[in-house]
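In: When you get a sec, could you give me coordinates for this:
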Amino acid sequence: MFSNRLPPDLEPNRLSRALERMRREGRAIDDLTASNPTNAGFAYPPDLLAPLAGPGVVTYDPAPSGSFAARSAIAGDYARRGLTVSPDRIVLTASTSEAYSVLFKLLANPGDEVLVPRPSYPLFDHLARLDAVALRHYNLEYHGHWSVDVPSVEEALTARTKALCLVSPNNPTGSLIKQGELDRLADLCAGHHVAIMVDEVFADYELEAGEAGAGRVLDRHDVLAFALGGLSKSVGLPQVKLGWLAVAGPDDCVAAALQRLEHICDTYLSVSTPVQAAASELLTRGAVVRAQIHARVLSNYQLLKELVEHVPACEVLRAEAGWCAVVRVPSIESEEDLVVDLLECENVLTYPGYFFDFSSGSHLVLSLLMPPPAFASAVRRVIRHLDCAESRRD
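Out: Numbering: from 1, shown residues only. Coordinates of the predicted model:
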């Protein structure tokens, strides 16, 4: 009866079942997977969302690519980051997830292929399946820092490849695409008539000094390229539902892409009038939230490194930007056993590395959003648990 675009098995996994049981029992849980900034103790200005009720929101005047005023505001936000982007090359969506879906419709026929990084966020699997697109993986490698394994990109390319997805900063590795890597990948993609899609939602959250100036796809003229962003991360407003994509590349390709994007977006008209009318003020006034988030994740990242450096069997993998950190841990037990034990014994919820397709070793993925005292307490309990497990093995 149901489409095969949906997973055949929607039963919760073992970790989800354990979490639900503990919540029913009323047990307090320190959530080191938290990704919702509105529940993380940040001080949002009480009138931050007042522009959503401004006088201009009662008139409906749909524009497929979004209102020019909203697109101009986003162009101004790119200027804050040192990028010159014309409002005419920006298309609004209701979220970054929807932006992916729009681009899959633009670039791929059913059964065509998109290259995605491994490790990375598992959302790609669901988005691609819903749009009848096949995924092929290329690898990120870690040797003291993360880099793209370009030969694995070349190996993954086929005649049906339509796009290469880059996530910069990557979730969860925190890695950024370097200029040299981007040059090689752009040359490779241009030669195979493959577009580049770069998810930049975490671009404002530098963790290692001097790393945020990575390769910038919107400066390119040699390959059709798209950069994705949204209010969810840039100003900590996931509930407001505004994302966007910006287009770069050869002028004729950009014009053809924008014409088709307008047709797709006109079919759905999914972006609400209030958020478009409020976009400029939300981007400006939301900067105070962004500053708090940045200070928090940077502080927690440094704290995590300080706590883990005294644990010889563990290592915090270098993260250049974002909201997450990856800790390599001893392979004493399966990652699934470890995260369930941490939850049930220490009341700490973490992600296992296999959720993100880490190819070898054992890893925990931790969100850096928690208030620092709670974060420190939770991390210390994780370390204690790992120390005890290591002692039992010895």
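In: Return the residues in contact with Leu317.
Out: Residues in contact with Leu317 (C-beta atoms under 8 Å, 6 or more residues apart in numbering) are Tyr142, Trp146, Thr173, Ala325, Val326, Val327, Arg328, His363. For the C-beta atoms, the positions are set from N, CA and C on the backbone; glycine is no exception.
In: And the buried ones among those, selectable in PyMOL?
Out: What follows is the PyMOL syntax selecting those of these that are buried according to 16 or more other C-beta atoms under 10 Å:
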select buried, resi 142+146+173+325+326+327+328+363
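In: Need the max-distance pair from the contacts of Leu317.
Out: Greatest spatial distance in those: Trp146 and Val327, 14.6 Å, computed using C-beta to C-beta.
In: nearest to Ala108, of the contacts of Leu317?
Out: The closest of those, once distances to Ala108 are taken by C-beta to C-beta, is Thr173, at 25.5 Å.
In: mind checking the SS state of the closest one?
Out: Of the three states, Thr173 takes coil under DSSP: H, G, I helix; E, B strand; the rest coil.
In: how much space between it and Pro46?
Out: Distance of Thr173 to Pro46, computed by C-beta to C-beta, to the nearest Å: 36 Å.
In: do the same with Arg118
Out: Taking C-beta to C-beta, one finds Arg118 at 43 Å from Pro46.
In: same question, Pro274
Out: For Pro274, the distance to Pro46 - C-beta to C-beta - is 18 Å.
In: more neighbours, the two?
Out: Between Pro274 and Pro46, counted using other C-beta atoms under 10 Å, the more crowded position is Pro274 (18 against 7).
In: my guess is that one contacts Val58, does it?
Out: No - contact criterion C-beta atoms under 8 Å: Pro274 and Val58 do not qualify, at 9.4 Å.
In: tell me the contacts of Ala186?
Out: So Ala186 contacts Ile196, Val217, Arg220, Asp222, Val223, Ala225 (C-beta under 8 Å, 6+ apart).
In: Which residue, neighbours along the chain excluded, lies closest to it?
Out: Val223 (4.6 Å; C-beta to C-beta, 6 or more residues apart in numbering).
In: Likewise for Ala287?
Out: Closest to Ala287 by C-beta to C-beta, 6+ apart is Val235, at 7.0 Å.
In: dump the residue contacts of that neighbour.
Out: Leu282, Leu283, Gly286, Ala287, Val289, Arg290.
In: Work out for me the element Ala278 sits within.
Out: helix 273-285 (DSSP states H and E).
In: Show me what that helix is packed up against.
Out: In terms of contacts (3 or more C-beta pairs under 8 Å, 6 or more residues apart in numbering; DSSP states H and E), helix 273-285 is packed against helix 68-80, helix 231-234.
In: do that again at 6 Å, thanks
Out: Where contact means 3 or more C-beta pairs under 6 Å, 6 or more residues apart in numbering; DSSP states H and E, helix 273-285 is packed against helix 68-80.
In: what's the model's confidence in the helix it packs on, averaged?
Out: Across helix 68-80, the average pLDDT comes to 98.
In: Could you list the buried residues of it?
Out: Ala70, Arg71, Ser72, Ala73, Ile74, Ala75, Asp77, Tyr78.
In: How about stretch 128-144?
Out: Within stretch 128-144, judged by 16+ other C-beta under 10 Å, the buried ones are 128-129, 131-140, 142.
In: I'd like the residues you listed as a markdown table, with pLDDT appended.
Out: Output for the buried residues of stretch 128-144, formatted as a markdown table (pLDDT from 0 to 100):
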| residue | pLDDT |
| --- | --- |
| Ala128 | 96 |
| Arg129 | 95 |
| Asp131 | 97 |
| Ala132 | 97 |
| Val133 | 97 |
| Ala134 | 97 |
| Leu135 | 97 |
| Arg136 | 98 |
| His137 | 97 |
| Tyr138 | 98 |
| Asn139 | 97 |
| Leu140 | 97 |
| Tyr142 | 96 |
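In: so what's Leu164 up against?
Out: Leu115, Cys189, Val194, Ile196 (C-beta atoms under 6 Å, 6 or more residues apart in numbering).
In: Name the nearest of those relative to Leu166.
Out: For the contacts of Leu164, the nearest to Leu166 is Ile196 (6.5 Å; C-beta to C-beta).
In: Whichever helix or strand that closest one is part of pairs with which strands, parallel or anti?
Out: Secondary structure assignment for Ile196, by DSSP H and E: strand 195-199. Next to strand 195-199 in the sheet, as set by DSSP bridges, lie strand 161-167 (parallel), strand 225-230 (parallel).
In: From Leu343, how far out is Arg27?
Out: For Arg27 relative to Leu343 (C-beta to C-beta), the value is 9 Å.
In: whoops, Glu320 was the one
Out: From Glu320 to Leu343 the distance is 29 Å (C-beta to C-beta).
In: go on, His221?
Out: 50 Å.
In: quick one: which of these two has more around it?
Out: Using other C-beta under 10 Å as the criterion, His221 and Leu343 rank with Leu343 on top: 21 against 12.
In: Which helix or which strand is home to the more buried one?
Out: Leu343 belongs to helix 335-346, assigned by DSSP H and E.
In: Which residues are in contact with the residue nearest in space to the middle of the chain?
Out: Centroid check for the chain by C-alpha atoms, centre = their mean gives Asn171 as the closest residue, at 5.0 Å. Asn171 makes contact with Tyr121, according to C-beta under 6 Å, 6+ apart.
In: ok, now with 7 Å
Out: Listed by C-beta atoms under 7 Å, 6 or more residues apart in numbering, the contact set of Asn171 reads Ser120, Tyr121, Phe202, Gly322, Cys324.
In: Now those in CSV, please, with extra columns for distance to Ser65.
Out: Formatted as CSV, the contacts of Asn171 follow (distance: C-beta to C-beta, whole Å):
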residue, distance to Ser65
Ser120, 28
Tyr121, 26
Phe202, 25
Gly322, 29
Cys324, 32
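In: what about Ala376, neighbour count?
Out: Neighbour tally, Ala376, other C-beta under 10 Å: 16.
In: I'd assumed it was in a helix, is it?
Out: Yes - judged by three-state DSSP, Ala376 forms part of a helix.
In: between the helix or strand bottoming out on mean pLDDT in the chain and helix 335-346, what angle do the directions make?
Out: In the chain, no helix or strand scores lower on mean pLDDT, DSSP states H and E than helix 372-393, which sits at a mean of 86. Computed with axes from the mean of the first three to the mean of the last three C-alpha atoms, to 10 degrees, the direction of helix 372-393 lies at 120 degrees from that of helix 335-346.
In: Fine by me, we can end here.
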